[in-house]
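Undergrad: Need coordinates for the below:
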Amino acid sequence: MAITILIPDDYQFATAHLDFLHQNARFHCVALGDMSKDPQTEKQLADAEALILIRERTVVDAAFLRRAPHLKVISQTGKLARNVDITACTQAGVAIVEGSGSPIAPAELTWLLIMASRRKLIPSVNAMAAGRWQRDIGSAVNNQTLGILGYGKIGKRVATYATAFGMNVQVWGSKRAQEEARSAGLHVPVSREQFFASCDVLTVHQRLVAETEGNITPADLSLMKTDALFVNTSRAELVREGALYDALIQGRPGFAALDVYEHEPIYDPNNPFLKLPNVLCTPHLGYVEKESYALYFRAAFDNVVRFFDGDTTHVINI
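TA: Residues are numbered from 1 along each chain as shown. The predicted structure follows:
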């Protein structure tokens with residue numbers, strides 16, 4: 001019998017097109033759409049011996065594990081995050097392995113959001129489709145100041161894009177981030193307050209850990225310019241709950257571009273952010289790209305094969 005690998009919350013069933021997932025006769029890969037809606041969810045969970053998770057879409061806790069009694073291993077695409085309860089998995093005897101990813105797709109989406117927001121691309125396109133011509137006037141990013149909060153792989157790549165477009169790049173974050181930014185010839189403001197106050201565009205690229213959760217506060221946002229753009233393709237929980245919406249209503253910052261939300265997926269067209277005319281929203285597309293998927297899933301699948309071959313050196317919890 002082939003070993004059943006379940007890929008939950010594959011909204012577009014994109015993994016059906018990854019041939020390497022379906023060419024090993026030892027394994028049978030099955031994808032589910034949104035688990036909360038897919039009628040096959042309970043049956044597929046009951047049969048699953050391995051899970052490959054698509055980043056942080058699926059929450060795996062004790063209740064989830066009880067629905068998957070034959071589960072032996074969870075393979076995370078990219079690095080493990082808080083969507084998986086490590087203690088519950090360990091108590092259930094379920095191994096956890098993690099993979100690697102690439103900063104390219106999320107960095108490119110970040111830049112796309114910055115450019116589309118600044119040039120008011122979406123309102124202009126929608127206006128033209130409705131029979132109106134040149135509804136809005138956008139602004140170029142040349143000579144504007146881009147602030148990067150967090151200076152890891154994605155932040156560094158965004159900095160190169162901004163430099164190529166003639167932006168003035170500055171960085172804030174940990175001591176490590178500040179030191180690396182200075183070494184790269186980038187500006188580091190004298191204070192966090194000056195960083196938020198001086199950005200024309202501010203993009204967030206911090207990891208979500210205990211130390212960074214909610215670290216962007218109402219006080220931070222209130223310092224931003226009335227025409228500044230706040231971009232978040234990282235994690236919504238980096239911002240204090242409710243702070244960004246309130247700040248946008250109050251006009252500091254004046255605009256936002258968001259790819260991440262506290263509760264996903266969002267199906268309600270009346271979501272508060274979707275109702276704000278000064279906010280551009282995308283449905284967590286940062287890593288959702290063909291080459292990115294191929295990279296993530298190749299590593300995740302190989303980790304499952306290693307596990308069932310008896311190699312557990314990559315297991316992080318058992």
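Undergrad: Pull the contacting residues for residue 149.
TA: 155, 171, 172, 173, 195, 202, 203, 204, 205, 206, 216 (Cβ atoms under 8 Å, 6 or more residues apart in numbering). No exception for glycine: its C-beta is placed from N, CA and C like everyone else's.
Undergrad: Show me the beta-bridge partners of the last one.
TA: Put plainly, it is residue 216. Counting by DSSP bridges, residue 216 forms beta bridges with residue 239.
Undergrad: separation between it and residue 82?
TA: With distances taken as Cβ to Cβ, to the nearest Å, residue 216 is found 18 Å from residue 82.
Undergrad: Repeat that for the fifth one.
TA: Here the distance between residue 195 and residue 82 works out to 27 Å (Cβ to Cβ).
Undergrad: which one of those two has more residues nearby?
TA: Shown here are residue 195 and residue 82; by other Cβ atoms under 10 Å, residue 195 has more neighbours (23 against 14).
Undergrad: wait, isn't the more buried one in contact with residue 147?
TA: Yes. Here residue 195 reaches residue 147: they are 5.7 Å apart, a contact under Cβ atoms under 8 Å.
Undergrad: Can you pull the residues that touch both of those two?
TA: With Cβ under 8 Å, 6+ apart, residue 195 and residue 147 have common neighbours 170, 172.
Undergrad: May I see the buried residues of stretch 81-96?
TA: 84, 85, 88, 89, 92, 94, 95, 96 (16 or more other Cβ atoms under 10 Å).
Undergrad: What's the end-to-end length of that stretch?
TA: 11 Å (Cα to Cα, to the nearest Å).
Undergrad: Contacts for it, please.
TA: Counting by Cβ under 8 Å, 6+ apart, 53, 55-62, 65, 71-74, 76, 80, 208, 307, 312, 315-318 sit against stretch 81-96.
Undergrad: One more pass at 10 Å, please.
TA: 50-51, 53, 55-66, 68-69, 71-76, 80, 98, 207-210, 213, 235, 237, 303, 307, 312, 314-318 (Cβ atoms under 10 Å, 6 or more residues apart in numbering).
Undergrad: are any of the residues you listed buried, and which?
TA: 50-51, 53, 55-58, 60, 64-65, 68, 71-76, 80, 98, 208, 213, 235, 237, 303, 307.
Undergrad: Cross these against helices and list the overlap.
TA: Counted as lying in helices by DSSP state H, out of the buried ones among the contacts of stretch 81-96, are 64, 65, 303, 307.
Undergrad: Going by distance to residue 266, which of those wins?
TA: Residue 266 has its nearest neighbour among those in residue 64, at 21.2 Å by Cβ to Cβ.
Undergrad: hang on, the closest one packs against residue 36?
TA: No. When contacts are counted by Cβ atoms under 10 Å, residue 64 is not listed as touching residue 36 (12.0 Å).
Undergrad: now the helices for the chain?
TA: 41-47, 62-66, 86-91, 104-118, 121-129, 153-164, 175-183, 192-198, 218-222, 243-250, 290-308.
Undergrad: ok, so of the buried residues of stretch 81-96, who is nearest residue 280?
TA: Once Cβ to Cβ is applied, the member of those that ends up nearest residue 280 is residue 84, at 30.4 Å.
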